[in-house]
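J.: Model the following, please.
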Amino acid sequence: MFGCIVAGRLVQTDPQQMSEAQFVFNLSDADSINHIVVFLTGTTPFPDGLCGAVYFGYPNPDGMAWQYLGYIANEKPSAIFKVAKVKPGDETSKNMFGQLMPGQQKMAQIGISVEPAAQVAQQTPPSHITPSTVSTFQEFTRKMLESFHNYASSFALTQAQMVPEPNKSFVPLNVLQQWFDNFQKRLVQNPNFWKT
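T.: Alright, predicted model coming up:
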């Protein structure tokens with residue numbers, strides 16, 4: 001039903017079910033987490049009137065400190081959260097989804113609690129944890145382009161370093177840079193330009 005992506009890591013779609021309405025994703029290396037995407041997988045929608053309140057659990061000496069981030073719902077099946085500024089002292093409640101297991105001191109968690117939509121609508125995330133306004137597609141595209149650009153740039157050679165190889169084609173790096181810049185501009189102007 002739920003999926004979770006920590007920026008730069010593989011997708012997780014196997015949360016632990018803590019109770020009938022509470023689910024938890026374990027996230028290793030808590031200090032390196034900056035952005036998290038939480039989404040519905042599309043296999044099972046929420047029942048009418050319910051949605052998923054999303055919480056970030058950060059380890060501290062007393063256990064897990066939980067911070068409300070926002071929500072997902074059938075009408076809003078995904079959300080991106082910047083959690084780099086979440087600190088253990090910012091918690092709204094402790095041990096909401098259970099106790100921290102021994103040896104997990106650097107294991108953060110994402111908790112999803114299935115709750116009435118009216119109840120979740122009354123909760124407000126802290127101002128420094130507002131969901132990203134950039135669409136998931138735009139953010140993915142930008143990251144993909146940056147990754148491709150960085151990868152291709154790592155093979156850059158000056159003309160003096162090149163060895164003539166008649167069976168290989170070469171593309172000047174400035175052509176790649178120009179394409180990269182143009183694509184980003186077009187994406188900002190119209191995120192759906194690629195559909196035409």
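
J.: With only the CA atoms kept, save stretch 157-164 in CSV.
T.: Taking Å, rounded to 0.1, in the frame of the first residue of the first chain, the C-alpha atoms of stretch 157-164 are listed here in CSV:
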residue,chain,number,x,y,z
LEU,A,157,39.3,15.1,-22.3
THR,A,158,41.1,18.0,-23.7
GLN,A,159,41.9,17.9,-27.4
ALA,A,160,45.6,17.4,-26.5
GLN,A,161,44.7,14.3,-24.4
MET,A,162,42.6,12.6,-27.2
VAL,A,163,44.0,9.7,-29.1
PRO,A,164,42.7,9.4,-32.6
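
J.: Check what pLDDT the closest residue in space to Lys143 that isn't next to it in sequence gets.
T.: Spatial nearest neighbour of Lys143, chain neighbours left out: Ala7 (8.0 Å); criterion: CB to CB, 6 or more residues apart in numbering. C-beta: built from backbone N, CA, C; applies to glycine. Note for Ala7: predicted pLDDT of 87.

J.: Ala7: how many residues sit nearby?
T.: If you count neighbours by other CB atoms under 10 Å, Ala7 ends up with 16.

J.: With Pro47 instead?
T.: Neighbours of Pro47 using other CB under 10 Å come to 9.

J.: Let me know the secondary structure of it.
T.: coil (DSSP: H, G, I helix; E, B strand; the rest coil).

J.: Backbone dihedrals for it, both of them.
T.: The phi/psi pair for Pro47 (degrees, to the nearest 10) reads phi -60, psi 160.

J.: same check, this time on Met64
T.: The phi/psi pair for Met64 (degrees, to the nearest 10) is phi -110, psi 130.

J.: Once you drop chain neighbours, what's closest to it?
T.: Per CB to CB, 6+ apart, closest to Met64 is Gly57, 4.2 Å.

J.: Wait, that neighbour touches Tyr68, no?
T.: No: with contacts counted by CB atoms under 8 Å, Gly57 stays clear of Tyr68, the gap being 11.0 Å.

J.: Settle it for me: which of those two has more neighbours?
T.: Counting neighbours by other CB under 10 Å for Gly57 and for Tyr68 shows that Gly57 has the greater number, 30 against 21.

J.: Which helix or strand contains the more buried one?
T.: Using DSSP states H and E, Gly57 falls within strand 50-60.
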